[in-house]
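Trainee: sequence plus predicted model, see below.
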Amino acid sequence: MSTDKRLLIISLLLAVATFMTFWQGGNAYKALGDQKQAIMDYNKAIELNPKLAEAYYNRGNAYEVLGDQRQAAVDHEKAIALNPRLASP
């Protein structure tokens, strides 16, 4: 395997690890009741991986807890557009 391919694989693995770290951090802050910090971590996860439906969904839940129903709906709609299985039955 060429050096370029190895560097690409390493870069991709680091990117996945990074956005997953922020997504999991958001989940942890949300569980602790710190919705604002959770939103900040979900924002970063989404910035790094705009197709991470679960981050939009969880960020929407955090906005809902804070009383921002409009932003919660926007995030939930985006999450469902990315992953229709997130829609409520």
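Mentor: Received it, and whenever you're ready, just let me know what you need. Residues are numbered from 1 along each chain as shown.
Trainee: tell me the helix or strand right after the strand or helix carrying Ala28.
Mentor: Using DSSP states H and E, Ala28 sits in helix 3-31. As assigned by DSSP H and E, the chain's next helix or strand after helix 3-31 is helix 35-48.
Trainee: which strands and helices sit next to that following helix?
Mentor: For helix 35-48, the elements it packs on are helix 3-31, helix 53-65, judged by 3 or more C-beta pairs under 8 Å, 6 or more residues apart in numbering; DSSP states H and E. From N, CA and C alone the C-beta is placed, and that goes for glycine too.
Trainee: for Ala79, which of those is the nearest?
Mentor: Evaluated over these, closeness to Ala79 peaks at helix 53-65, with 3.7 Å, by C-beta to C-beta.
Trainee: neighbouring contacts of the closest one?
Mentor: 19, 22-23, 26-27, 30, 35, 38-39, 42-43, 45-46, 49, 69, 71-76, 78-80, 82-83, 86 (C-beta atoms under 8 Å, 6 or more residues apart in numbering).
Trainee: what subset of the residues you listed is buried?
Mentor: 19, 22-23, 26-27, 30, 35, 38-39, 42, 45-46, 49, 71-72, 75-76, 78-80, 82 (16 or more other C-beta atoms under 10 Å).
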